[in-house]
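1. Have a look at this prediction, sequence included:
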Amino acid sequence: MRIYHSLLNAAKFRKVFDFGEREVAHWFPGHMAKGLKQMRDSLRKVDCIIEIHDARIPFSGRNPSFQESLDVRPHILLLNKLDLADTSKKQSILKQLDREGVRNVLFTDCLRQRDENVKRIVPLVTELIGSGSRFHREEDRSYCLMVVGVPNVGKSSLINAVRRTYLKKGKASKVGGEPGITKAVLTKIQVCERPIIYLLDTPGVLPPRIENIETGMKLALCGTILDHLVGEDVIADYLLFSLNRRERFSYIEKYNLEEPSDDIQHVLKCIAVKLGKTKRVKAITGVGNITVQLPDYSAAAYDFIRAFRKGELGKVMLD
Ligand SMILES: Nc1nc2c(ncn2[C@@H]2O[C@H](COP(=O)(O)OP(=O)(O)OP(=O)(O)O)[C@@H](O)[C@H]2O)c(=O)[nH]1
């Protein structure tokens, strides 16, 4: 890996991101309020809540409603997509969460065939449920767990991973690359034989009030908000800002840049050239009409964001 001395000149990079006049209010689609209501209505049948969140943002963007209105049951927090997250400071993350009252935290990678932490879920759940009161469900030998989280964090993938681990069965829950795949009413899926455990898949629900624009942008970068609601151009710019701040410079070699840059237009141009993504545009000049090839900035922004989400730009911690 080349060392980029010039970039260590901190003055070269933005220290804060200019969000302009952006508003987060319209990023919360109406159907999410309905999803939350359905979850509250089903709580009677539930023994334990499994909340999944993105391991790249352990402290931001969790939906407070999950704690406020669903926290009458034992609660496990799974920080998923471990394969994409820089968790070198795992212990301090766990300590801070503990200070915030969040215990029972596991880091998972639901796409991995035999993820050790996915295996730990059932023993942990059994222990937590066994040590508390189950109220009117005391007679029922089977356990029902509700899987909650913001969109696209891997709720369906978790259900499939637990089924794979404990039942040796294939997919029961549809996985999608876009937020908002699970919109239907809560589906109950058996994931374990001994003890009999069912999981309730739920639609992803964003916080109704995203605390600030930066949190909104982190959620967008992790793919939990539909890209077009935020704008791919600004997501790409925030990505560049985040990579530079954390000195994650693999984009330089991947896209043949000379050196790091904080100028998104320049970076997108290099990406477009590298990927051969250009557009033919007619231009009217003094000597007549000509056709010129211009970089396709939208296609480049799309590729940049996808590369990040697939982990091709390295593991990061956005919080
Ligand atoms: N890299 C990585 N990707 C994952 C992991 N878990 C899930 N994904 C991917 O994340 C995307 C969303 O996964 P889903 O399981 O559909 O997420 P969801 O939370 O059910 O989504 P909604 O139904 O929109 O709320 C898919 O492209 C999955 O392949 C993981 O541990 N690591």
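-> Happy to help now that I have it.

2. Do you know the pLDDT at the residue in the chain that the ligand sits nearest to?
-> Here the chain gets closest to the ligand at one residue, G204, 2.7 Å apart by Cβ to the nearest ligand atom. Where you see a C-beta, it was placed from the backbone N, CA and C, and this is true even at glycine. You'll see G204 listed with a pLDDT of 85.

3. Need the residues that contact the one helix or strand Q190 maps to.
-> Element membership for Q190, per DSSP states H and E: strand 187-192. Contact with strand 187-192 is made by 122, 144, 159, 162-163, 166-167, 172-173, 196-201, as judged by Cβ atoms under 8 Å, 6 or more residues apart in numbering.

4. What strands flank that strand, and is each parallel or antiparallel?
-> strand 197-201 (antiparallel) (DSSP bridges).

5. The strand it pairs with: which residues count as buried?
-> For strand 197-201, burial by neighbour count (16 or more other Cβ atoms under 10 Å) applies to 197-201.

6. what two of those residues are the furthest from one another?
-> The largest separation in the buried residues of strand 197-201, counting by Cβ to Cβ, is between I197 and D201 at 13.4 Å.

7. how about the residues of the stretch 1-150 of the chain near the ligand?
-> Residues of the stretch 1-150 of the chain found near the ligand (Cβ under 6 Å from any ligand atom) are 80-81, 83-84, 109-111, 149.

8. Is it possible to mark the buried ones in those?
-> For those, buried by 16+ other Cβ under 10 Å: 80-81, 84, 109-110, 149.

9. Out of those, list just those in strands.
-> 80, 149 (DSSP state E).

10. For the buried ones among the residues of the stretch 1-150 of the chain next to the ligand, give me JSON lines that also has pLDDT.
-> Putting these into JSON lines (pLDDT from 0 to 100) gives the following:
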{"residue": "N80", "pLDDT": "97"}
{"residue": "K81", "pLDDT": "97"}
{"residue": "L84", "pLDDT": "96"}
{"residue": "D109", "pLDDT": "95"}
{"residue": "C110", "pLDDT": "93"}
{"residue": "G149", "pLDDT": "91"}
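
11. For E139, state which of the buried ones among the residues of the stretch 1-150 of the chain next to the ligand is nearest.
-> Of these, the one sitting nearest to E139 (Cβ to Cβ) turns out to be G149, at 30.1 Å.

12. what is that closest one paired to in the beta sheet?
-> With DSSP bridges as the rule, G149 is bridged to I52.

13. Tell me who's in contact with it.
-> 51-53, 63, 66, 155, 204-205 are the contacts of G149 under Cβ under 8 Å, 6+ apart.

14. Just the closest of those to T224, please.
-> Using Cβ to Cβ, these come closest to T224 at G204, 7.0 Å.

15. ok but the closest one is inside a strand, no?
-> No - checked against DSSP: H, G, I helix; E, B strand; the rest coil, G204 lies outside a strand; its state is coil.

16. Would you mind giving both backbone torsions of it?
-> phi -70, psi 140 (degrees, to the nearest 10).

17. wait, isn't it in contact with S156?
-> No - counting by Cβ atoms under 8 Å, G204 does not reach S156; the two are 9.6 Å apart.

18. All the helices of the stretch 1-150 of the chain, residue numbers only.
-> 31-42, 64-68, 90-99, 116-130 (DSSP state H, counting those that start in this stretch).

19. Look through the protein and report the residue furthest from the middle.
-> V287 (51.7 Å; Cα atoms, centre = their mean).

20. for the record, mean pLDDT for the strand holding Q190?
-> 86.

21. would you turn the residues of the stretch 1-150 of the chain next to the ligand into TSV with distance to L318?
-> Output for those, formatted as TSV (distance: Cβ to Cβ, whole Å):
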residue	distance to L318
N80	14
K81	12
D83	15
L84	10
D109	17
C110	19
L111	20
G149	17
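
22. still on that earlier bit, closest to K12 among the buried ones among the residues of the stretch 1-150 of the chain next to the ligand?
-> Nearest to K12 among those, with distances taken as Cβ to Cβ, is L84, at 26.7 Å.

23. Next, count neighbours for the closest residue in space to that closest one that isn't next to it in sequence.
-> The spatially closest residue to L84, leaving aside those adjacent along the chain, is G311, at 4.7 Å (Cβ to Cβ, 6 or more residues apart in numbering). Look at G311: counted by other Cβ atoms under 10 Å, it has 13 neighbours.
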